[in-house]
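Peer 1: A structural model of the following input is requested.
(chains A and B)
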Amino acid sequence: DGGITQSPKYLFRKEGQNVTLSCEQNLNHDAMYWYRQDPGQGLRLIYYSQIVNDFQKGDIAEGYSVSREKKESFPLTVTSAQKNPTAFYLCASSITGYEKLFFGSGTQLSVL
Amino acid sequence: DAKTTQPPSMDCAEGRAANLPCNHSTISGNEYVYWYRQIHSQGPQYIIHGLKNNETNEMASLIITEDRKSSTLILPHATLRDTAVYYCIVRVLSNSGYALNFGKGTSLLVTP
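Peer 2: The predicted structure is shown next:
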């Protein structure tokens, strides 16, 4: 089946630690996105990438980093500089940057 | 950027039509209205989108007023599985490119 796979489903981070969230898609989509969702809130854009080897900051990029070395992969690293990382993280993709988004099932990140 | 306003919550009886309103009074002529829904702890799911004309697909209907300042998403025969948060989004051009900005949406509860 085609789709977007996020892993792991649950992740725990210790103080001062970097953690990486995986996002893989086999939809052959050019554009990929990372969103953060806090309890009872909407989604906020962290980073997005319209094409391989290129990405742009979203509204809340501080404390996060990404790479886009392959079309199908867009990993997100939550660095130790992100002081409030506990949230639900969602990855999405679209055919181009102008079409509807397809979302993964999300990763819940918590701080120990 | 065009903003949207949705009621925070609504109830609907199973089998009845669910009509979810959205105000977007500052929408510009080339901005589309998108609807997504998010079932608890899952990624949002695309429902429908439109520009000027009413649209219908297998999931829902979208009614856009002639002045485009508001729209209504209609689920013709709501089921318990339609209980979710529904997001009305206007596609804007911002420092996030054409990325969609999600607000808090409307929490729809379908009751037996």
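Peer 1: spell out which parts of chain A neighbour chain B.
Peer 2: Proximity of chain A to chain B is confined to A:4, A:33, A:35, A:40-45, A:48, A:50, A:56-59, A:88, A:90, A:92, A:97-98, A:100-106, A:108 under the rule C-beta under 8 Å from any C-beta of the partner chain. In this view, the C-beta of every residue, glycine as well, is placed from N, C-alpha and C.
Peer 1: mind running it again at 10 Å?
Peer 2: Chain A comes close to chain B at residues A:4, A:6, A:9, A:31, A:33, A:35, A:37, A:40-48, A:50, A:56-59, A:88, A:90-92, A:94, A:96-106, A:108, as judged by C-beta under 10 Å from any C-beta of the partner chain.
Peer 1: wait, isn't B:Ser28 in contact with B:Lys3?
Peer 2: No. Between B:Ser28 and B:Lys3 there is no contact under C-beta atoms under 10 Å: 12.0 Å.
Peer 1: thought A:Leu21 was touching A:Ser73?
Peer 2: No. Look at A:Leu21 against A:Ser73 with C-beta under 10 Å: they stay out of range, at 11.5 Å.
Peer 1: who's more crowded, those two?
Peer 2: Using other C-beta atoms under 10 Å in any protein chain shown as the criterion, A:Leu21 and A:Ser73 rank with A:Leu21 on top: 23 against 14.
Peer 1: and the helix or strand harbouring that one, which residues are buried?
Peer 2: Element membership for A:Leu21 (DSSP states H and E) is strand A:19-25. Buried residues in strand A:19-25, counted by 16 or more other C-beta atoms under 10 Å in any protein chain shown: A:19, A:21-25.
Peer 1: the residue nearest to A:Pro85 when sequence neighbours are not counted: neighbour count?
Peer 2: Excluding the flanking residues, the one nearest A:Pro85 by C-beta to C-beta, 6 or more residues apart in numbering or on different chains is A:Val78, at 4.9 Å. Using other C-beta under 10 Å, A:Val78 has 24 neighbouring residues.
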